[in-house]
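Novice: pasting a predicted model and its sequence here:
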Amino acid sequence: MSWIRVWVHFVFSTKNSHRLLKPYSLRQELFKHMKTNAKEKNLYLDTVNGFEQHAHCLISLSRDITISKTMQLIKGESAFWFNHNDFGNKLYWQDDYWAASVSESHLERVRKYIMNQEEHHKSVPFSEEVDKFMKKYGWQHYK
């Protein structure tokens, strides 16, 4: 048996960054569902949280599921579930997402950052957060 421990911090947004994940209670219901769904699919979703138009997930990758498939299982199923419940809007995630590895020594800091999204976005807009991620990891926007 192979033993794998690769941590990845994922960030993904609603289509066109629409603020569909309001209010707080709606987000929490969605994130709770994401965690339950991940467990059912043998994905280890350690931490999930976000704000009105995006989500952060800290996931320990499975030995037999790619990053792309992991995101498909999380994003696709959560939108399907959301859209089949009466939340007033339809949820569509953007195709893109960000994924960065996290070392064991930084896990607690990343967990706290993810869980602090409400407070964080009182002072930092999501667009600024995106720019920060892009700069930190040397990524470029493609149009």
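Specialist: That came in fine, so what should we check first?
Novice: which parts of this protein are strands?
Specialist: For the chain, strands defined by DSSP state E occupy the ranges 7-13, 44-51, 54-60, 98-102.
Novice: out of those strands, which is closest to residue 117?
Specialist: strand 44-51 (4.9 Å; C-beta to C-beta). Where you see a C-beta, it was placed from the backbone N, CA and C, and this is true even at glycine.
Novice: grab the nearest non-local neighbour of residue 61.
Specialist: Once flanking residues are discounted, residue 61 sits nearest to residue 6: 4.5 Å by C-beta to C-beta, 6 or more residues apart in numbering.
Novice: closest to residue 135 out of the strands of the chain?
Specialist: Nearest to residue 135 among those is strand 98-102; the distance by C-beta to C-beta comes to 12.1 Å.
Novice: could you pull out the buried residues of the closest one?
Specialist: For strand 98-102, burial by neighbour count (16 or more other C-beta atoms under 10 Å) applies to 98-99, 102.
Novice: picking up where we left off before, so what does the residue nearest to residue 61 look like in phi/psi?
Specialist: phi -120, psi 110 (degrees, to the nearest 10).
Novice: so how far is residue 51 from it?
Specialist: In this view, residue 6 and residue 51 are 26 Å apart by C-beta to C-beta, to the nearest Å.
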